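> Quick one, structure for this:
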Amino acid sequence: QVQLVESGGGLVQAGASLRLSCAASGRTFSTYIMAWFRQAPGKEREFVAAINWNGGRTDYADSVKGRFTISRDNTKNTEYLQMNSLKPEDTAVYYCAADRNRRVVLTSNINEYDYWGQGTQVTVSS
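Okay, here's the model as predicted:
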């Protein structure tokens, strides 16, 4: 079992930056595909970004490309989401997720992820 704990959320103004972190327990973190999803009030949870086991491949939702960067440090069992040029529409609860299957292709399908954190709130004011 893997436990994921997000941190780094907060209230910022439009145009600001935030960095989210997700700390994972367990010895197998380095083998997992890791991802970030978000859920705004009244909306379904949506894919934000994913990263493969060694950080060599990443994938982003079109809405965050060029503004957000996903990364990971396997020595610290931690993944990150650097969010720049934040917009009010980025307001949501952000969740980190882990896919324990050794896939070659990154997936944005929420149902493919096995472990989830509790979420961290990001609020962007205009």
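> Find the centremost residue of the protein, please.
By Cα atoms, centre = their mean, the mean C-alpha position of the chain lies nearest to residue 36, the distance being 2.1 Å.
> how near is that residue to residue 52?
Note on residue 36: its distance to residue 52, by Cβ to Cβ, to the nearest Å, is 14 Å. No exception for glycine: its C-beta is placed from N, CA and C like everyone else's.
> Same check on residue 16?
29 Å.
> who has more neighbours, the two?
Neighbour count, other Cβ atoms under 10 Å: between residue 16 and residue 52, residue 52 has more, with 19 against 14.
> Just to check, the more buried one is in contact with residue 32?
No - Residue 52 is beyond contact range of residue 32, at 9.3 Å (criterion: Cβ atoms under 8 Å).
> Next up, identify which helix or strand the residue nearest to the residue nearest to the centre of the chain when sequence neighbours are not counted is on.
Ranked by Cβ to Cβ, 6 or more residues apart in numbering and with sequence neighbours excluded, the top spatial neighbour of residue 36 is residue 48, at 4.2 Å. Secondary structure from DSSP states H and E places residue 48 in strand 46-51.
> Return that strand as CSV; C-alpha atoms alone will do.
Listed next in CSV are the C-alpha coordinates belonging to strand 46-51 (Å, rounded to 0.1, in the frame of the first residue of the first chain):
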residue,chain,number,x,y,z
GLU,A,46,-9.7,16.1,-14.5
PHE,A,47,-6.2,15.2,-15.5
VAL,A,48,-3.5,17.8,-15.2
ALA,A,49,-0.1,16.1,-15.7
ALA,A,50,1.7,12.8,-15.5
ILE,A,51,5.4,11.7,-15.4
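> Pull out the buried residues from it.
By neighbour count on 16 or more other Cβ atoms under 10 Å, the buried set for strand 46-51 is 47-51.
> pLDDT averaged over the very next helix or strand once past it - what is it?
Later in the chain than strand 46-51, the nearest helix or strand by DSSP H and E is strand 58-60. Averaged over strand 58-60, pLDDT sits at 97.
> I am finished for the moment; much appreciated.
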